[in-house]
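**Q** Generate coordinates for the sequence data below:
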Amino acid sequence: MDVYLIAPLPDFGSEALVADKVLNIDERYALLASAGITTVAALLDGDFNIRLCDEMIEEVDFDDPSGVVAISMNVSQAARGIEIARRFRAMGRRVIMGGPHVSLAPGEFDGEADSLIIGEFETVASEVSRDLLAGALKPRYLCGQADLGRSPVPRWDLYRNDRAISGVIQTSRGCPFECSFCDVIQYLGRVQRHKPIENVLAEAQVLYDLGYRSINLSDDNFTVHRKKSRVLLEGLAGWNGRDGRQPVQFATQASIDLSRDAELIELCNRAGLRDIFVGIETSNEEALKEVKKRQNLRRDLVAEISRIVAGGLTVTGGMMVGFDHDDLGCFERQFEFGMALPVVNLRVSVLVAPIATPLYEKMAAEGRLFRDNTNFPGGDLWTNIEPRQMTRRQLAEGAIWLVEALHEPDNAIKRFEHLSAILAPPPEHLRASDHIVTPGKGASGVLRLLRQAARDPRARRVIDAVNDLSHQRPEIARDLSSALAIFLNSFTSLGRLSQQDSRRIRLDREAPLAQPA
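**A** Numbering: from 1, shown residues only. From the prediction side, this is the model:
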């Protein structure tokens, strides 16, 4: 049986495609390879001929003859996923939908597919496979929680690895924290489940053999379970750069409490885990309390992030505005806070209420929820809730100002200098000879984009400054180059925030308040 398995383009992914057209780059690429569709492909059990499509890197082939089309999506991919499903169903194809957003809000997809997978596919994969082959697909499959110890190696052999920059390994699922705006814990639970170290190393070797030299350890909170983290890091340290392998740079996501464990930070460095995403959010403690981000409370966030960086990890920081305790002065305060951090890349977002979260229910009960199914909430810095101390338009425009201010060349250079001044180097055997991370053929697309970005004199100033810092500290040149690549990738998207395009025009109208369906 032929199956066409698709990861739709996320709403924010269209920005990358627009940038590609502006920069005359013919080939699409993904910063992260799609572990979702490759994992589903590995779980299908039987005589299946599977074709994958990650729409971040290639167009959906609506002429594909497969009788079954399976679409896996999160909330940012939902609108496009429904569009794809409708086109294939109009041609008489059977369509299966699954993924986080389908699992959190199955009612949103009623009538859009022949079958919905609700929950973690591993627990029903054999049943779905049998039903597919028997022509007896059920309208819904309700899943349980998967045992990650039984997870197969994803089918990376079916994926366009030449178009991806970083490989992906899912190391755990779940998070014990209870941030009210987080939908991950609603989908995967608050009890963390871990993949055995031998499985992780097997997947790392597969990705390495395919040419990846950058791998993201997909984990909702990598360091929350310290004993498990140590076992995994010790295994990676024994594998990375050993037995003739070139160095691999790992990245993951962790919480701020990592800063209080110097031994764990050092172990991250020895393993080659040099980049972590931390949800820093805000320095406003009252705002943190309102969304139950307790792990960030009563901490000197600047000092603790600095401690992590001084231990050898670059930090990508999540920064948020639009809390009930934020007034119109929050944007300047967040700017000053961001500039005090040794963090080059700060991802600014507005507070949104994802469906099925406590915040969503609270906003609905208070009559403050907006419904706009054509847009990924927050993807264009446009929230789906009515802020307490400002309008939605003021929040969006303030967030745009904050993004642009943080990307001003002088401000970016200051943060690069701060990072360079305190970042500890990796172990000598993990120092790459080249200054640009080259994880395989996919790097060519990035290099072309960066060359084009360098034609902007403002971007050129940042590049020249980072080159100077790299010559001053060659032992961290790869880290600086990685941070520069991420910075320039977002820098090329700034035009959409300042031009009067269709998304910005939406700031001129207020959608009517509506209760959830």
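**Q** What is the neighbour count of D131?
**A** 15 (other CB atoms under 10 Å). Backbone N, C-alpha and C define where each C-beta goes, glycine included.
**Q** how far away is it from M1?
**A** Separation of D131 from M1 (CB to CB, to the nearest Å) stands at 11 Å.
**Q** ditto for F323
**A** From F323 over to M1 (counting by CB to CB), the distance is 50 Å.
**Q** more neighbours, these two?
**A** Between F323 and M1, counting by other CB under 10 Å, F323 is the more crowded of the two (24 against 15).
**Q** Contact partners for G46?
**A** G46 makes contact with M1, S129, R130, L132, L133 under the criterion CB atoms under 8 Å, 6 or more residues apart in numbering.
**Q** For G119, state which of those residues is nearest.
**A** S129 (16.3 Å; CB to CB).
**Q** helix/strand/coil for that closest one?
**A** Secondary structure for S129, judged by DSSP: H, G, I helix; E, B strand; the rest coil, is helix.
**Q** try G312
**A** Per three-state DSSP, G312 ends up coil.
**Q** List phi and psi for V69.
**A** Phi and psi for V69, reported as degrees, to the nearest 10, are phi -120, psi 120.
**Q** A90 is in contact with that one, correct?
**A** No: judged on CB atoms under 8 Å, V69 makes no contact with A90 at a distance of 11.6 Å.
**Q** who has more neighbours, these two?
**A** Neighbour tally, V69 and A90, criterion other CB under 10 Å: the higher count belongs to V69, 27 against 9.
**Q** what's near enough to touch that one?
**A** Neighbours of V69 in contact, by CB under 8 Å, 6+ apart: V3, Y4, I6, I84, A85, F88, R93, R94, V95, I96.
**Q** what's the answer for A202, then?
**A** A202 makes contacts with V153, as judged by CB under 8 Å, 6+ apart.
**Q** re the thing from before, which one of the contacts of G46 sits in the busiest neighbourhood?
**A** Going by other CB under 10 Å, L132 tops those with 22 neighbours.
**Q** for the stretch 401-517 of the chain, what are the low-confidence residue spans?
**A** Along the stretch 401-517 of the chain, segments meeting pLDDT under 70 span 432-454, 492-517.
**Q** Next: the chain.
**A** In the chain, residues with pLDDT under 70: 12-27, 372-379, 432-454, 492-517.
**Q** which residue ranges form the helices in the stretch 51-200 of the chain?
**A** Per DSSP state H, counting those that start in this stretch, the stretch 51-200 of the chain carries helices over the ranges 78-90, 100-104, 125-134, 184-188, 197-209.
**Q** want to throw the contacts of V69 into TSV with neighbour count and distance to A113?
**A** Shown next, in TSV, are those (neighbours: other CB atoms under 10 Å; distance: CB to CB, whole Å):
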residue	neighbour count	distance to A113
V3	22	14
Y4	24	14
I6	27	12
I84	23	11
A85	23	6
F88	21	10
R93	18	11
R94	18	9
V95	23	5
I96	24	6
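**Q** Kindly report the domain assignment for this protein.
**A** For the chain, the structural domains run 2-148, 160-421, going by automatic domain parsing.
**Q** Quick one: end-to-end distance for the first one.
**A** Translated: domain 2-148. 27 Å (CA to CA, to the nearest Å).
**Q** which residues does the residue nearest to E286 when sequence neighbours are not counted contact?
**A** With sequence-adjacent residues excluded and distances taken as CB to CB, 6 or more residues apart in numbering, E286 is closest to H325, at 4.1 Å. With contact set as CB under 8 Å, 6+ apart, H325 has these partners: N284, E286, A287, E290, R388.
**Q** And the contacts of stretch 86-104?
**A** For stretch 86-104, using CB under 8 Å, 6+ apart, the contacting residues are 36, 40, 62, 66-75, 77-78, 81, 85, 108-109, 112-121, 128, 137, 143, 183-184, 186-187, 354-356.
**Q** and the residue lying closest to D64 once chain neighbours are set aside, backbone torsions?
**A** The spatially closest residue to D64, leaving aside those adjacent along the chain, is Y4, at 4.8 Å (CB to CB, 6+ apart). The phi/psi pair for Y4 (degrees, to the nearest 10) reads phi -110, psi 110.
**Q** for stretch 122-140, which positions count as buried?
**A** E122, T123, V124, A125, V128, S129, L132, L137 (16 or more other CB atoms under 10 Å).
**Q** Out of those residues, which comes closest to N269?
**A** The closest of the buried residues of stretch 122-140, once distances to N269 are taken by CB to CB, is E122, at 33.1 Å.
**Q** just checking, that closest one touches Y141?
**A** No: when contacts are counted by CB under 8 Å, E122 is not listed as touching Y141 (11.6 Å).
**Q** about what we covered before: and the contacts of G46 as CSV, adding distance to Q472?
**A** As requested, these are exported to CSV (distance: CB to CB, whole Å):
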residue, distance to Q472
M1, 59
S129, 57
R130, 62
L132, 59
L133, 62
